[in-house]
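Visitor: Here's my sequence, what's the structure:
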Amino acid sequence: MVKDVSIDRNNLIQPIFITEKTEKPIPIKSMPNIFRFSPELAVNEAKELFSLGIQTIALFPDTPKNKRSENAKESYNENGLIQQTIKRIKDALPNMTIMADVALDPYTTHGHDGLLGKKGEVLNDQTIDVLTLQAISLAYSGADIIAPSDMMDGRIGIIRKALETNNFNNKIILSYCVKYASSFYAPFREGVNSASTLKNKDKKTYQMDFRNTQEAIIEAELDISEGADVLMVKPGLPYLDVINQLSQKFNHPIAAYHTSGEYSMQKKAIDLGFVSHETIEEVLVAFRRSGAKIVVSYFSKEFVEKN
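Guide: All right, here's what the predicted structure looks like:
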């Protein structure tokens, strides 16, 4: 009766990895109990999540290698892996809210979130052109939440304008406005099979330095001015202070991404008996207590099943 903060199904988003063809879910080795699903199997998974009360999912592709390229053209293919999965899920579950990632790393041969120049530098403006095509393609497919996670400068305003030009005024833009160059993303990169393409390269030229706080405020202000509806902080646990600062300063809803690395460490500790299952709720509540309205977590399904 007197608790300050709680977390329930409405606060949670479950990420789902999509692969082209498989008769049964494919386990992701570095993420215990997380799988890749074919579009057909993803519909069944979405139905199960919806029956549990989780009404929002986030989709991420394991793009076939023969469809990856330097220009990431597959990212805006109207019949692409994510596009067809969105259509299938929407046909089966019209009320399921679908969040679609806007970034090029699952579609490029080099594993970066953007297009590269001759010297290997990320080309900001040219990348935004492709991201905009991707966002419109995802909107046409039926995505409810367009989620740019690429960290290119100025992309929110351009994507917002393109959505409105194409009569998608009601689409939500969830901006990964504060995305740090973090070591917690490694298991995710296995999930979308970009780890081998990225190899020993990093994304520090466009993702944020984890030592910086003021930069987070500046990035959030810019994205709000360009038309973002929700602001994402990623990773989550190491940046509770940043989530709190953004929630105190801005009226926009704040989302936290409980990343793959955070999940894998905690899940392994639970499976080995080092900590109890109750630590899941403790962590999820910490995000809410810090000011996050929304939590994207690989624990979403497991938490709901056991509570």
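
Visitor: for the strand or helix carrying residue 288, what is the average pLDDT?
Guide: Element membership of residue 288, judged by DSSP states H and E, is helix 278-290. Confidence over helix 278-290 (mean pLDDT, whole number) is 97.

Visitor: can you pull the contacts of the residue nearest the centre of the chain?
Guide: For the chain, residue 101 is the residue whose C-alpha lies nearest the centre (C-alpha atoms, centre = their mean; 5.6 Å). Residues in contact with residue 101, defined by C-beta atoms under 8 Å, 6 or more residues apart in numbering, are 58, 59, 60, 82, 147, 149. Quick note: C-beta positions are derived from backbone N, CA and C, even for glycine.

Visitor: isn't there a helix covering it?
Guide: No. Using DSSP: H, G, I helix; E, B strand; the rest coil, the assignment for residue 101 is strand, not a helix.

Visitor: Tell me what it is bridged to.
Guide: When bridges are called by DSSP bridges, residue 101 pairs up with residue 147.

Visitor: mind checking how far it is from residue 257?
Guide: 11 Å (C-beta to C-beta, to the nearest Å).

Visitor: can you check residue 16 too?
Guide: Taken as C-beta to C-beta, the span from residue 16 to residue 257 is 14 Å.

Visitor: got it, and residue 97?
Guide: From residue 97 to residue 257 the distance is 17 Å (C-beta to C-beta).

Visitor: what's the answer for residue 154, then?
Guide: Taken as C-beta to C-beta, the span from residue 154 to residue 257 is 22 Å.

Visitor: So for these two, which sits in the more crowded spot?
Guide: Applying other C-beta atoms under 10 Å to residue 154 and residue 257 shows that residue 257 carries more neighbours, namely 29 against 13.

Visitor: what's across from the more buried one in the sheet?
Guide: residue 296.

Visitor: I figured it hits residue 234, correct?
Guide: Yes. With contact defined as C-beta atoms under 8 Å, residue 257 and residue 234 form a contacting pair (3.8 Å).

Visitor: what do the two both touch?
Guide: By C-beta under 8 Å, 6+ apart, the residues touching both residue 257 and residue 234 are residue 176.

Visitor: what's in contact with stretch 91-100?
Guide: The list of residues contacting stretch 91-100 from outside it, by C-beta under 8 Å, 6+ apart, reads 13, 43, 46-47, 50, 55-59, 82, 86, 89-90, 138, 141-147, 174.

Visitor: What are the boundaries of the strands in the stretch 51-200 of the chain?
Guide: Taking DSSP state E, counting those that start in this stretch as the criterion, the stretch 51-200 of the chain carries its strands at 56-62, 97-102, 145-148, 172-179.

Visitor: Having no further points to raise, I will conclude here.
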